[in-house]
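**Q** Need coordinates for the below:
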Amino acid sequence: MSISVPVRMVGTIDQGTSSTRFILFDRDTLQVVHRQRSSVSLKSRAPQQGWAEFCPRQIISSVMDAMETACAHLAPENTLAFALAIGIVNQRESVLAWDRGSGEPLTPAILWYDNRTADLVSKFREKELGATTTVQSLTGLPVSTYFSAVKIKWLLENEPYASKIRQALETSNLRIGTIDTWILDRITGGKSYFTDITNAARTSLMNIHTGMWDAALFEFFELGPSLLSAMPEIRSNCDPLFGNTAIFKKGSLLDGVPITAMLGDQHASLLGHHCLRPGEAKATFGTGCFLMMNTGAELVFSPGLVTTIAFQLGKNAPVVHAVEGSIAMASRLMSWLQETLHIPPSSDGSMEIDSFLCQVADAGGVSFLSSLTGIYSPVWRSDLKGSIHGLTLETKPEHICRAAVESIAFQTKMIIDEMTHCSVSGATSAGLSVDGGLSLSNVLCQIEADVLSRPIFRPAEQELSALGGAVAALIGANSDTMDHMLNKLHGCDAMKNADSFSPNTAQRNLDAFERWKTLLERELFQHH
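**A** Presented below is the predicted three-dimensional model:
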């Protein structure tokens, strides 16, 4: 169906772990005009246990498909009103290398949850012992398989990638970066080679105090000064000079459109949730779960959390900081259970979680440690395995799935508890705003409200990462002042009509949390 009413639009490329979408917003009302999911399926590869990678070409094909299909839905009267600007929002930490001249990938894109670098992480953690300056004090990040630096180190040590990278480096043809840089490079026809401050902050190679690549970090991770010189320039999230699209048909709607914003997906979501004041937090329940809390101008460090950049909405705008906690498996855990327990999908192929979960009142005494690829915040143990406890002859698949949902809610509580210890005004009493596919589960939201003893708010509009990208793109295009744009965001329909879940006195959820926490502590002790 064509969009027949002329509107002035802004677009967001939303490239995630499970899908790529292109969302068009009315730049005046910030309402969604059209959302297009790419028909190009993103399938991660696992050459070995614990590995996860994408074909980089598949990512670009999915981006182009989503954008071109979206434009096919536009009626002729919209051609002059097409996108003023485009923002790029992307999965973070995933990294790859490619050739500057040909644009051909030299490596796969190693994904954020890939665990192949566990031995390297152990090595660098030992190296860090006794050091006066730690990686976390410089970057806000612990040494972990999660972040990009150890993935790059692995590529430099393993063939056939090491020799390809070395050759490209020797001929000044190496380009290396996270997914934002890869998309920008390709859709500008290789003319733009930049990253943004939020994506750079997730590599373990950017100094969070200066916002620049740090030679000491390259030395620590044994990456060498020549690689430092090959890294993309770091820019703020909003910039009119990121580049223009250059790979689409000349004269088409998509040709020559300026790209004026880039943000990591969780940072864009924080902006989309209008978490603009210190203490305001959001949780995105997607492939994994990502909780982020705005800490304002203050850099707050906590051993169980990541200290990161929230956003910088312009070259001369202040840098806003955040603390974050991550859970490796959320909807990915439910997909795994659906396949493992042979749960029939609904008509659209998805799992109707709540209708399945509501067949039982609780988890029947079952506890689920969902650390199938290790556990991130707040304990950072990549070696921990998943396990299910409390099984009896009466246990049903519904009990196991409910225990899995509980495990996501319980780990979220551990992260929120860690955040409440941070010295940020409002952090201990505010409600939690949620988005992401799994947040559509009323069961999950109610369990979360009960164990957190605070309300959960679920906006009616779920495209909040894309919305944050659109707002940043409009700021980057200088179409409006930043203050006016943020006020417009606060008043838009996406911020209204939220579903609310108030905590109740369901003691069984609190009891289940205590059992789960005791189990986790026992497992951590046994595998210490």
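
**Q** can you give me how far stretch 296-303 is from the chain middle?
**A** With C-alpha atoms, centre = their mean, to the nearest Å as the basis, stretch 296-303 stands 20 Å off its chain's centre.

**Q** Oops, could you answer that again for stretch 328-341 instead?
**A** 18 Å.

**Q** what do you get for stretch 204-212?
**A** Distance, centroid of stretch 204-212 to centroid of chain: 19 Å (C-alpha atoms, centre = their mean).

**Q** Name the residues that touch it?
**A** With C-beta atoms under 8 Å, 6 or more residues apart in numbering as the test, stretch 204-212 has contacts from 135, 138-141, 143, 147-150, 197, 200-201, 213-214, 217-218, 221, 223, 231, 234, 299, 307-309, 312, 319. C-beta here means a position set from N, CA and C on the backbone, and glycine is covered the same way.

**Q** for the stretch 401-528 of the chain, which spans come out with low pLDDT?
**A** Filtered on pLDDT under 70, the stretch 401-528 of the chain yields the residue ranges 423-430, 479-481, 493-497, 505-506, 527-528.

**Q** Okay, and which of the contacts of stretch 204-212 map to strands?
**A** Among the contacts of stretch 204-212, DSSP state E puts 213, 234, 307-309 in strands.

**Q** Turn those residues into JSON lines, including pLDDT.
**A** Formatted as JSON lines, these follow (pLDDT from 0 to 100):
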{"residue": "Trp213", "pLDDT": "98"}
{"residue": "Ile234", "pLDDT": "98"}
{"residue": "Thr307", "pLDDT": "96"}
{"residue": "Thr308", "pLDDT": "97"}
{"residue": "Ile309", "pLDDT": "98"}
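
**Q** which among the residues you listed gets closest to Lys517?
**A** Compare each of the ones in strands among the contacts of stretch 204-212 with Lys517 using C-beta to C-beta and the shortest gap goes to Thr307, at 24.4 Å.

**Q** if I read this right, that closest one contacts Leu299, doesn't it?
**A** Yes: between Thr307 and Leu299 there is a contact under C-beta atoms under 8 Å: 6.0 Å.

**Q** on that earlier part again, mind picking the one among the ones in strands among the contacts of stretch 204-212 that's closest to Ala281?
**A** Thr308 (13.2 Å).

**Q** rewinding a little: can you flag which of the contacts of stretch 204-212 belong to helices?
**A** Residues of the contacts of stretch 204-212 located in helices (DSSP state H): 135, 138-139, 148-150, 197, 200, 217-218.

**Q** want to try CSV for the residues you listed, with neighbour count, pLDDT and distance to Pro258 as columns?
**A** Below are those laid out as CSV (neighbours: other C-beta atoms under 10 Å; pLDDT from 0 to 100; distance: C-beta to C-beta, whole Å):
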residue, neighbour count, pLDDT, distance to Pro258
Val135, 24, 94, 36
Leu138, 19, 96, 34
Thr139, 25, 97, 31
Ser148, 26, 98, 27
Ala149, 28, 98, 31
Val150, 25, 98, 35
Ile197, 24, 98, 19
Ala200, 28, 98, 21
Leu217, 19, 97, 32
Phe218, 20, 97, 32
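
**Q** Need the max-distance pair from the residues you listed.
**A** Val150 and Ile197 (20.9 Å).

**Q** Over to Ser19: give its phi and psi.
**A** Main-chain torsions, Ser19, degrees, to the nearest 10: phi -160, psi 160.

**Q** Tell me, please, the helix or strand in this structure that averages the lowest pLDDT.
**A** Lowest mean confidence among the helices and strands of the chain (mean pLDDT, DSSP states H and E): helix 482-491, at a mean of 76.

**Q** measure Ile88 to Asp435 for me?
**A** Ile88 sits 19 Å away from Asp435, going by C-beta to C-beta, to the nearest Å.

**Q** actually His34, not the one I wrote
**A** Computed as C-beta to C-beta, the His34 to Asp435 distance reads 19 Å.

**Q** again, but for Leu223
**A** Remark: distance between Leu223 and Asp435 (C-beta to C-beta) = 35 Å.

**Q** With neighbour numbers in mind, choose between these two.
**A** Neighbour totals were compared for Leu223 and Asp435, and Asp435 leads with 25 against 19 (other C-beta atoms under 10 Å).

**Q** quick one: that one and His273 touch, right?
**A** Yes: with contact defined as C-beta under 8 Å, Asp435 reaches His273; the gap is 7.1 Å.

**Q** my hunch is that Ile183 is in a helix, does that hold up?
**A** Yes: assessed by DSSP: H, G, I helix; E, B strand; the rest coil, Ile183 belongs to a helix.

**Q** Now do the shared contacts for Asp435 and His273.
**A** With C-beta under 8 Å, 6+ apart, Asp435 and His273 have common neighbours 282, 459, 464.

**Q** Select from the residues you listed every entry located in helices.
**A** Per DSSP H, the subset of the shared contacts of Asp435 and His273 in helices is Leu464.

**Q** JSON lines for the shared contacts of Asp435 and His273, including distance to Phe410?
**A** Formatted as JSON lines, those follow (distance: C-beta to C-beta, whole Å):
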{"residue": "Lys282", "distance to Phe410": "19"}
{"residue": "Pro459", "distance to Phe410": "24"}
{"residue": "Leu464", "distance to Phe410": "24"}
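
**Q** Nearest to Thr295 among the shared contacts of Asp435 and His273?
**A** The nearest one, if we look at the shared contacts of Asp435 and His273 relative to Thr295 and count by C-beta to C-beta, is Lys282, at 13.5 Å.

**Q** Look up the closest residue to that closest one, ignoring the ones flanking it.
**A** Closest residue to Lys282 apart from its sequence neighbours, by C-beta to C-beta, 6 or more residues apart in numbering: His273 at 4.1 Å.

**Q** Pull the contacting residues for that neighbour.
**A** Counting by C-beta under 8 Å, 6+ apart, His273 touches 280, 282, 433, 435, 459, 464, 468.

**Q** Swap in 6 Å and give it another go.
**A** Contact analysis of His273 by C-beta atoms under 6 Å, 6 or more residues apart in numbering lists 282, 433, 464.

**Q** Kindly provide the distance from the closest residue to Ser441 other than its chain neighbours to Leu337.
**A** For Ser441, the nearest residue in space outside its immediate sequence neighbours is Ile353; the separation is 4.8 Å by C-beta to C-beta, 6+ apart. Distance, Ile353 to Leu337, using C-beta to C-beta: 10 Å.

**Q** Neighbour count: those two, which is higher?
**A** Ile353 (25 against 22).

**Q** wait, the more buried one sits on Val443?
**A** No: at 7.2 Å, Ile353 does not count as touching Val443 under the criterion of C-beta atoms under 6 Å.

**Q** what's the longest helix in this protein?
**A** Longest helix in the chain by number of residues (criterion: DSSP H): helix 397-420.

**Q** just checking, what packs against it?
**A** For helix 397-420, the contact count by 3 or more C-beta pairs under 6 Å, 6 or more residues apart in numbering; DSSP states H and E identifies helix 331-340, strand 367-369, helix 442-452, helix 507-526 as packing neighbours.

**Q** got those as a markdown table, with distance to Tyr161 columns?
**A** Shown next, in a markdown table, are the helices and strands packed on helix 397-420 (distance: least, C-beta to C-beta, whole Å):
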| stretch | distance to Tyr161 |
| --- | --- |
| helix 331-340 | 26 |
| strand 367-369 | 34 |
| helix 442-452 | 39 |
| helix 507-526 | 34 |
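
**Q** Out of those, flag the one nearest Leu30.
**A** For Leu30, the closest of the helices and strands packed on helix 397-420 is helix 442-452, at 24.3 Å, according to C-beta to C-beta.

**Q** and the angle from the closest one to helix 397-420?
**A** 40 degrees (axes from the mean of the first three to the mean of the last three C-alpha atoms, to 10 degrees).

**Q** how far does helix 442-452 sit from the chain's center?
**A** Here the centre of helix 442-452 is set off from its chain's centre by 22 Å, with C-alpha atoms, centre = their mean.
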